[in-house]
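In: Please work out how this folds:
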Amino acid sequence: MLPGLEAAELPADAVEVGRIADAWGIKGWFKVLPYSADPEALFSSKRWYLLPAEKGAKTFVGTQVLRLREAKEHSGTVVASAHEVDDRTAAEALRGARIFIARTNFPTAAKDEFYWIDLIGLDVVNREGVALGRVAELLATGPQTVLVLSAEELNEAGVAKSVERMIPFVAKFVDDVSLAQRRITVDWQPDY
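Out: The predicted structure follows:
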């Protein structure tokens, strides 16, 4: 365990939102590489849960809680300071740590906006009620986001095979997203 940090349980609804890249300055600030283009979740939570880096040196084990003083955007990245991190050496010890935040601490999404984490696992059906698959992941392709669906379908011989579909997540093809019903309705056909 790092000096000043306390061991904690990772919340059941924890979402990995970034990682600590390196120390920033001499007063304990550190650079964060967010996994989202809009790192609002990092700014909305005052408690970050850290897990050690997946690769490289491990300066701590288990889950540690970090109590934030401040997090802000700076030159295209995010920088932050925490109560438990007072100098550059302590900030350097966090290098590579994975940052998790409880999903309940995310800011409320605007109307017709969704967090990717909330879309993963939703069933996708078309207007005729034909099941097209389940959202396995999303891809940012630049101009639009794409839903990547996985499904099991029977081939001509009656043998189940895995199928992957990609559907642009744009109003032209997406009719409705119901988080409560865990379903997305689309204007899409199985043979597209």
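
In: Quick one: the strands in this protein, in order.
Out: 6-7, 14-23, 30-34, 47-51, 64-74, 77-82, 98-102, 123-126, 131-140, 145-154, 160-168, 174-178, 183-186 (DSSP state E).

In: if we look at the last one, which residues are touching it?
Out: When you say that, I think you mean strand 183-186. 119, 122-127, 132, 135, 147, 167, 173-178 (CB atoms under 8 Å, 6 or more residues apart in numbering). C-beta: built from backbone N, CA, C; applies to glycine.

In: Same check on stretch 26-33?
Out: For stretch 26-33, contacts defined as CB under 8 Å, 6+ apart pick out 18-24, 39, 42, 71, 77-82, 85-88, 90-91, 94, 99.

In: F30 bridge partners, please.
Out: A23, A80 (DSSP bridges).

In: What is the neighbour count of it?
Out: 26 (other CB atoms under 10 Å).

In: quick revisit: buried among the contacts of stretch 26-33? Make that a ChimeraX selection.
Out: Buried subset of the contacts of stretch 26-33, written as a ChimeraX selection, criterion 16 or more other CB atoms under 10 Å:
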select :18,19,20,21,23,24,39,42,71,78,79,80,81,82,85,88,90,91,94,99
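
In: Quick check: pLDDT value at the closest residue to Q64 other than its chain neighbours.
Out: Distances taken as CB to CB, 6 or more residues apart in numbering place L5 nearest to Q64, at 4.2 Å, with adjacent residues excluded. Looking at L5, its pLDDT reads 76.

In: any idea how far L5 is from I26?
Out: Note on L5: its distance to I26, by CB to CB, to the nearest Å, is 20 Å.
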